[in-house]
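# structure, please.
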Amino acid sequence: MSEQTTPEVPAQPKNEPATESHDPAVPPAYSAFMRTGWGDRELDLPPHPVAPWAERRRERLAASFPDERLVLPAGSYKVRSNDTDYRFRPDTAHTYFSGNQTSDAVLVVEPDGSSVLYARPRSSRETDEFFRDRQYGELWAGRRPSLHEMSSSLGIEVRHVDRLEQDLAGTAPAKTRVHRGVSPVLDRLLPGDAGLDGDLARVVSEMRLVKDEWEVGELQEACDITTLGFEDSVREWDDVLRYGERWLEGTFFRRARAMGNDIGYDSIVAGGKHATTLHWIENSGPITPGELVLLDMGVEGRNLYTADVTRTLPVDGTWTARQRELYELVLTAQQAGIDAVRPGVPFTAAHDAAMSVLAHALDDMGLLPVSAEEALDPTSKVYARWTLHGTSHMLGMDVHDCGAAAPEAYAKGTLTEGMVLTVEPGLYFQEDDLLVPEELRGIGIRIEDDVLVTADGCRNLSAALPRAADAIEEWMAERAPRR
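Predicted structure coming up:
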């Protein structure tokens, strides 16, 4: 891999580093002394495995917009509270095309097809930044890679981000498209055309619909770590019963941070009636014997690919007869959805198959005001009172991946080998729903797996986590503390 490094230039001096009002004063003598006596320690980072894949992605992107400049920022920090920020996570499109995960960087694909990554490297010793700046200072926030280190690892030319504005002004291509809504600074610097920029966002999303070999491996790893996180949760069942939903959330997060980058989304830990709230992320309730707990959790790997898996478990480790009946109904619907996934079928095939199972079951239970066939008519859909959501969404670096893709390529499109989607039907009986028997009220069940479309069907990437009712009982018995 070639090393294309533009000579590093120091950051432009700021009037003051990013400090807080409670920070001690820095006298000139202290400042001058801190800038002396430091050794140089340049590191040679190994080539990042995504580098050749990202290079091919940039080539495809450039070919989609010949003779145009394309600008994709990574974004910056977001305030959580006063002077504390959320942990930084780069914009998906930026990292997909560059491999970079550092903040404040900007990828520019030039009209001739060449690419430059503008990045903020480690702090220069020529200013106070390295020992005073809370966001970028090495002694405050850690060592950022140098331009050389980024370039040698990612296989792309890297320049200091302070050169970006000057370089953009130096040449003016006929069209510049910006991936909007990521960097307010860049959005102001490069006023754009909503149509042009929207089209860039669409193409960027659609390029990510089909996963390459490297991406599939990353998603498989995220699913495998997620399985370990679920196992951790069951092994600590005594503490789960003592501390409730919060313990499950914290236990899974520990595994996600230990082996991945983070959780891919806020974990949904829903005991009892909380399972009927689709995105219950408060996770503050008890885990009560005799009830069910719905766990919708996914690990985001270190290269930002995320799993998205749901299991509904009996808190006692064994199902009641009614719980098993409802669970196996949802499992049958999910399996029908998985069986429908293959190349060439509509994206909605899994949903349609799963909903057919659930609608007929609801009809058999006497809940529908019309027949199952009438309820399944798109002009009716009354069955959805108890199923609520779609069965699938695309999965990748975003848990709801490729969101800017055109409907014809995604929601109204057909499945293609290499796509990865969830299959996640559910049944939800609200606690105040007077149309269902009292014994069903407050029960929510969802089962979700991550499915890769293959040449002749599909492969369940999260199959290591058991789904069958008997298998779940055995799995919990083997891992939960013996009481």
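
# helices and strands around the host helix or strand of Met355, which ones?
Using DSSP states H and E, Met355 maps to helix 349-364. Packed against helix 349-364, as judged by 3 or more C-beta pairs under 8 Å, 6 or more residues apart in numbering; DSSP states H and E, are the following elements: helix 321-339, helix 372-376, strand 420-423. For every residue, glycine as well, the C-beta is placed using N, CA and C.

# tell me which of those is the most buried.
strand 420-423 (a mean of 26; mean count of other C-beta atoms under 10 Å).

# pLDDT score assigned to the residue nearest the centre of the chain?
Note on the chain: the residue nearest the mean C-alpha position is Asp398, at 3.4 Å, using C-alpha atoms, centre = their mean. Asp398 carries a pLDDT value of 98.

# what's the distance between it and Glu149?
With distances taken as C-beta to C-beta, to the nearest Å, Asp398 is found 27 Å from Glu149.

# compute the inter-axis angle for the helix holding Met355 and helix 321-339.
Per axes from the mean of the first three to the mean of the last three C-alpha atoms, to 10 degrees, the angle that helix 349-364 makes with helix 321-339 is 150 degrees.

# what sits up against helix 349-364?
329-330, 332-334, 336-341, 346, 368, 371-372, 375-376, 383-384, 386-387, 390-392, 415, 421, 423, 425, 427, 451 (C-beta atoms under 8 Å, 6 or more residues apart in numbering).

# how far does that helix sit from the chain's center?
Distance, stretch centre to chain centre, for helix 349-364: 29 Å (C-alpha atoms, centre = their mean, to the nearest Å).

# surely Val269 is within a strand?
Yes: Val269 forms part of a strand when assessed by DSSP: H, G, I helix; E, B strand; the rest coil.

# OK, contacts around it?
Counting by C-beta under 8 Å, 6+ apart, Val269 touches Glu245, Arg246, Leu248, Glu249, Phe252, Trp280, Asn283, Val293, Leu294, Leu295, Met297.

# would you agree Leu200 is in contact with Thr176?
No: using C-beta atoms under 8 Å, Leu200 is not in contact with Thr176; the gap is 9.9 Å.

# those two: which has the busier surroundings?
A direct count of neighbours by other C-beta atoms under 10 Å for Leu200 and Thr176 places Leu200 higher, at 25 against 20.

# thinking again about what came up before, okay, and the common contacts of Leu200 and Thr176?
Common neighbours of Leu200 and Thr176 are listed as Leu70 (criterion: C-beta under 8 Å, 6+ apart).

# okay, buried residues for the helix or strand containing Arg257 please.
In this structure, Arg257 sits in helix 245-259 according to DSSP H and E. Using 16 or more other C-beta atoms under 10 Å as the test for burial, helix 245-259 gives Glu245, Arg246, Trp247, Leu248, Glu249, Gly250, Thr251, Phe252, Phe253, Arg255, Ala256, Met259.

# could I get those residues as CSV with distance to Gly217?
Output for the buried residues of helix 245-259, formatted as CSV (distance: C-beta to C-beta, whole Å):
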residue, distance to Gly217
Glu245, 32
Arg246, 33
Trp247, 32
Leu248, 28
Glu249, 28
Gly250, 29
Thr251, 26
Phe252, 22
Phe253, 24
Arg255, 19
Ala256, 18
Met259, 15
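
# list the helices and strands the longest helix seen in the chain packs on?
Using DSSP state H, we find that the single longest helix of the chain is helix 213-235. Under the contact definition 3+ C-beta pairs under 8 Å, 6+ apart, helix 213-235 sits against helix 245-259, strand 292-297, strand 299-300, strand 309-314, strand 449-454, helix 469-479.

# excluding its backbone neighbours, what's nearest Met476?
Excluding the flanking residues, the one nearest Met476 by C-beta to C-beta, 6 or more residues apart in numbering is Gly317, at 4.5 Å.

# picking that back up, name the nearest residue to the residue nearest to the centre of the chain, ignoring sequence neighbours.
Nearest residue to Asp398 in three dimensions, chain neighbours excluded: Thr92, at 5.3 Å (C-beta to C-beta, 6+ apart).

# again with Gln101
Gln101's closest residue in space is Pro90 (C-beta to C-beta, 6+ apart), at 5.1 Å.

# what's the neighbour count on the one you found?
So Pro90, with other C-beta under 10 Å, has 22 neighbours.

# right, and it touches Gly75 too?
Yes: counting by C-beta under 8 Å, Gly75 is a contact partner of Pro90 at 6.2 Å.

# between the two, which contacts overlap?
Contacts common to Pro90 and Gly75, judged by C-beta under 8 Å, 6+ apart, are Ser103.

# let's see the helix holding Arg257 as CSV, backbone CA atoms only.
Below are the C-alpha coordinates for helix 245-259, written out as CSV (Å, rounded to 0.1, in the frame of the first residue of the first chain):
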residue,chain,number,x,y,z
GLU,A,245,-34.0,-4.0,33.6
ARG,A,246,-31.1,-1.8,34.4
TRP,A,247,-28.9,-4.8,35.2
LEU,A,248,-29.6,-6.4,31.8
GLU,A,249,-28.8,-3.2,30.0
GLY,A,250,-25.5,-2.7,31.8
THR,A,251,-24.5,-6.4,31.4
PHE,A,252,-25.0,-6.3,27.7
PHE,A,253,-23.2,-2.9,27.4
ARG,A,254,-20.2,-4.3,29.1
ARG,A,255,-19.8,-7.0,26.5
ALA,A,256,-20.4,-4.5,23.7
ARG,A,257,-17.6,-2.2,24.9
ALA,A,258,-15.2,-5.1,25.7
MET,A,259,-15.3,-6.7,22.3
